[in-house]
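Undergrad: Fold the following for me, if possible:
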Amino acid sequence: MNNNKNMAKAQIINCAIYTRVSTDLQAEKEFSSCESQEQKIRSFVKSQNNWQVCKVYSDPGYTGANTNRPALQELLEDVKEGEIDIILSYKIDRLTRSPKDFYQLVEVFNKFQTDFISITERFDTSTPAGRLLRNIMLTFAQFERE
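TA: Numbers count the residues shown, from 1 in each chain. Okay, the predicted model is just below:
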């Protein structure tokens, strides 16, 4: 987490939830729906000190192959306006299935001191091993899409 920004605020960490499913069928399934993802992320947020959900961004029925999604674009605008400290998704492939897009998104997040956490794939991207694991997971996400 970007400690300088969070230390300045010291009280509340503003979290954004991002959910996505590719197909209408997935959107209707209880275990993989956007609502199910949101519920699991909200439970995770409750387990953290001083975290609050400030907004939920949901893209049901949109592919993870590109970033042309209305809720994702709205999320990026809010990141640029400094409204979000942490973005949470259920899995990394809910944000994107493209390694290239993921790295571009992370560049934007870093520029505006916003962290990204996948609640099911808890890896430490501050270490070489953590970055390797993230890259492997992104490669598999792209493979599954193709």
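Undergrad: low pLDDT regions in the chain?
TA: 1-10, 24-31, 123-127, 130 (pLDDT under 70).
Undergrad: where exactly do the strands run in the protein?
TA: Applying DSSP state E to the chain gives strands spanning 13-21, 51-60, 86-89, 115-118.
Undergrad: Report the angle between the longest one and strand 13-21.
TA: In terms of direction (axes from the mean of the first three to the mean of the last three CA atoms, to 10 degrees), strand 51-60 departs from strand 13-21 by 20 degrees.
Undergrad: Residues in contact with strand 51-60: which ones?
TA: Strand 51-60 is contacted by residues 12-21, 24, 27, 33-34, 38, 41-42, 45, 69-72, 74-75, 78, 83-84, 86 when judged by CB atoms under 8 Å, 6 or more residues apart in numbering. C-beta: built from backbone N, CA, C; applies to glycine.
Undergrad: Go again with 6 Å.
TA: Strand 51-60 is contacted from outside by 12-21, 27, 34, 38, 45, 69, 71, 75, using CB atoms under 6 Å, 6 or more residues apart in numbering.
Undergrad: how near is residue 72 to residue 33?
TA: 18 Å (CB to CB, to the nearest Å).
Undergrad: So which of those two has more stuff around it?
TA: residue 72 (22 against 17; other CB atoms under 10 Å).
Undergrad: what's across from the nearest residue to the more buried one once chain neighbours are set aside in the sheet?
TA: Excluding its sequence neighbours, the residue lying closest to residue 72 (CB to CB, 6 or more residues apart in numbering) is residue 59, at 6.0 Å. Beta-bridge pairing of residue 59 under DSSP bridges involves residue 20.
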